[in-house]
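Q: next input, structure requested:
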Amino acid sequence: MAIRRRAAALAALALLAAALQPAAARSLHIVALGDSLTAGLGLPAGDAYPVKLQAALTAQGLDVAIDNAGVSGDTADDGLARIDWSVPDGTDAVLLELGANDMLRGFDPARTRAALDAILSRLKERRIAVMLLGMRAAPNLGPDYQKSFDTIYPDLAVRYGVGLYPFFLDGVAGNQKLNQADGMHPTAQGVDVIVAKMAPAVAAFVKGMP
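A: A predicted model of the protein is given here:
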């Protein structure tokens, strides 16, 4: 009888100890929403920027899981159309990279702005943090187009109070050695440059999340 009481007491103590243990923290769930630059067009899946960025952030001690929700050819309108299933419930943050295809197709910047505005509004309603990964217009589109397009990202970042990385292709755009034959999509080495430049800003963004 005494043995049974002792076993019961030990079991109760074990349950109490387990209950007092802090719950294991889950990884921060981030969705990289974008076009071919996010999808990693022309590259093995492991060389796409979301994979390499996750590795870079993990190396800094940040517990993050980044899902690649990039679709080649997507415009900002396309991203808006699929946002509900591309950004599932339980998402903590979104890295938003869209607009390059709009610019390459010569879309009116007002159209791109409206679509990105709608995406940000939807994510704000869902209380999902966002970092905008900006794009810049090609010089051959002229100064007026450049001004209208390039101001989209900083303007929306201020309006919605979200993070901004000014130019996704910083350090890679125009460098033949870091781009594939099409001159628009980075090589694996180009992605390394993008991630090296972007990682500090994304790390600060992650650390600043509530």
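
Q: which pLDDT value goes with residue 113?
A: Residue 113 carries a pLDDT value of 98.

Q: go on, residue 1?
A: On the pLDDT scale, residue 1 gets 52.

Q: quick one: the strands in the protein?
A: Using DSSP state E, the strands found in the chain span residues 28-34, 64-70, 93-97, 129-133, 163-165.

Q: show me where the protein has helices.
A: Remark: helices assigned in the chain by DSSP state H are 2-20, 36-39, 49-59, 76-81, 83-86, 100-104, 109-125, 143-150, 152-160, 188-207.

Q: okay, those helices in TSV with mean neighbour count next?
A: Quick note: C-beta positions are derived from backbone N, CA and C, even for glycine. Converted to TSV, the helices of the chain look like this (neighbours: other Cβ atoms under 10 Å):
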stretch	mean neighbour count
helix 2-20	9
helix 36-39	24
helix 49-59	20
helix 76-81	20
helix 83-86	14
helix 100-104	22
helix 109-125	18
helix 143-150	15
helix 152-160	17
helix 188-207	18
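
Q: ranking these by mean pLDDT, which is last?
A: helix 2-20 (a mean of 50).

Q: got the contact list for the residue nearest to residue 164 when sequence neighbours are not counted?
A: Excluding its sequence neighbours, the residue lying closest to residue 164 (Cβ to Cβ, 6 or more residues apart in numbering) is residue 157, at 3.8 Å. If you count contacts by Cβ atoms under 8 Å, 6 or more residues apart in numbering, residue 157 has them with 132, 163, 164.
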